[in-house]
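Asker: Task: produce atomic coordinates for the following.
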Amino acid sequence: MPFEHAPIQPLEPASRRRVAFVLLPGFSLLAQACALEPLQMANQLSGRQLYQTVTISLSDAPVRSGAELSLNAQHALGEPLGPLDMVLVCAPAPLPYTLPPRLNEWLREQQGRKVCLGGLAGGSEVLARCGLLENYRATLPWQRFDAFSQAYPQVALSQQLF
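Answerer: Next up, the predicted model:
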């Protein structure tokens, strides 16, 4: 007999947490999935939509992951999204390209709105390049630890996973 999922009941928008994943070219599918799946599982197990997730890219074009799979994001950067509770930046590590200024501006807007910001894989480096991790504690993939600590001494690095 196949396993059947109970329908997920929507919550009032004020009770639901909105989490945006900003997908940058070369992002890690694994890192994104490891953050996305627990949110989806929480929804499924509770029978309610505790978390609403959205994906954002730099443009309307599909975003190619590090595994060279393309993903169509739901929104392009700068489109109206409504209020967000958390933004997770998904990027490759190391970050092999210059960030567009509009990403820095958009992330700073989110910080000004008191949106929780986080980085997955190289996403921590994106936040550091944008000056958004100064005087914060952060972690990142171990391969980048030494180079990152030299480039961003104002960030308190932790070798813990999370």
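
Asker: who touches stretch 91-107?
Answerer: With contacts defined as CB atoms under 8 Å, 6 or more residues apart in numbering, stretch 91-107 is touched by 22, 24-28, 58, 66, 77-78, 87, 89, 117, 119-123, 125-127, 129-130, 132, 140-141, 143-144, 147. Where you see a C-beta, it was placed from the backbone N, CA and C, and this is true even at glycine.

Asker: one more time with 7 Å
Answerer: Here stretch 91-107 makes contact (CB atoms under 7 Å, 6 or more residues apart in numbering) with 24, 26-28, 58, 66, 77-78, 117, 121-123, 125-126, 129-130, 132, 140-141, 144.

Asker: Over to stretch 76-89?
Answerer: Counting by CB under 7 Å, 6+ apart, 17-22, 24, 35, 54, 56-60, 75, 102-103, 106, 110, 115-120, 123, 126-127 sit against stretch 76-89.

Asker: ends of it, how far apart?
Answerer: Start-to-end span of stretch 76-89 (CA to CA, to the nearest Å) is 14 Å.

Asker: Tell me which residues of it come out buried.
Answerer: Burial within stretch 76-89, assessed by neighbour count using 16 or more other CB atoms under 10 Å, is assigned to 77, 84, 86-89.

Asker: related to what we said a few turns ago, filter the contacts of stretch 91-107 down to the ones in helices?
Answerer: Using DSSP state H, the members of the contacts of stretch 91-107 that fall within helices are 123, 125-126, 129.

Asker: so what strands line up beside the helix or strand of the chain with the lowest mean pLDDT?
Answerer: Least confident helix or strand, the chain: strand 137-138 with a mean of 84, by mean pLDDT, DSSP states H and E. The pairing partners recorded for strand 137-138 under DSSP bridges are strand 156-157 (parallel).
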